[in-house]
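> I would like to see how this sequence folds:
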Amino acid sequence: MRFSYLTVLVIFLALIGCTDQEADHPDPKNPHETESNQTKELVTNKPFDLEFSSEDESNGTFGGNSSPSDLGLPMPKQTKPSGPKNGLIKEYFEDGLVKEETEYFNGVKEGKRKVWYRSGQLYKSGTMKNDRWHGKYQEWYENGSPKLSGQYMDGQQDGEWIFFDKEGINLPNLIFENGIETTRKLPSLLGD
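Alright, predicted model coming up:
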């Protein structure tokens, strides 16, 4: 009977994969060893970072900010992706509620970003470009009323910014140009 090198290699690899007897059979001296190790791996209350590819268009209220524990599922172990972050990355509070959702491309914040208060209310929302805020930006108070709204241009405030107090009353708007407030001209104190 003649075997090719490929056949011998396949048989050898199959035998190596079948020799891990410690993982398959618990220690007879400690019959609960395998069971307790499995429990440790499945049940944890630590936050975790996982990569998700689907987009969640929730508005940041309790209904759209659910966690695995809300469904009666065990919290997965914290995982660290290999290589740069890509896609929609979610960060969680210790209790499992979503803390932040950020889109990444090759490890750089690029796209939509949302941050929540611990209560589940949306705190801030906007878009990122090259790890900086860029485009429309909004913030809310923890009671849900708007706090401010404006535009960023490559990480700097630009254009008209609208501000509100906690009761929702409009405060004076400010105008920015490349991160510098241009709403009013202040007199020179040094007498240039």
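> Only C-alpha atoms from now on, for both contacts and neighbour counts.
Noted.
> tell me the phi and psi of P84?
The phi/psi pair for P84 (degrees, to the nearest 10) reads phi -70, psi 150.
> For M128, see how far away it is.
Using C-alpha to C-alpha, to the nearest Å, P84 is found at 17 Å from M128.
> For the two, indicate the residue with more neighbours.
Comparing P84 with M128 by other C-alpha atoms under 10 Å, the one with more neighbours is M128, at 25 against 10.
> Can you pull the domain assignment for this structure?
The record's domain parsing of the chain by automatic domain parsing lists 1-42, 45-181.
> which one of these has the lowest average pLDDT?
Least confident of these, judged by mean pLDDT, is domain 1-42 with a mean of 50.
> K136 - how many residues pack around it?
K136 has 14 neighbouring residues, counting by other C-alpha under 10 Å.
> OK, contacts around it?
Applying C-alpha atoms under 8 Å, 6 or more residues apart in numbering to K136 gives the contacts G126, T127, S149, G150, Q151, Y152.
> Tell me the one of those nearest V108?
Using C-alpha to C-alpha, T127 is the member of those that sits closest to V108, with 12.4 Å.
> hey, what's that closest one bridged with?
When assigned by DSSP bridges, T127 has beta-bridge partners K112.
> go on, the one 5 residues further on?
In this entry, R132 is beta-bridged to K129, by DSSP bridges.
> ok, now which ones touch it?
Contacts of R132 were listed using C-alpha under 8 Å, 6+ apart, and they are K109, D154, G155.
> For I169, see how far away it is.
Taken as C-alpha to C-alpha, the span from R132 to I169 is 29 Å.
> now do K147
10 Å.
> These two - which one has more neighbours?
For K147 versus I169, the count of surrounding residues by other C-alpha under 10 Å is larger for K147: 22 against 12.
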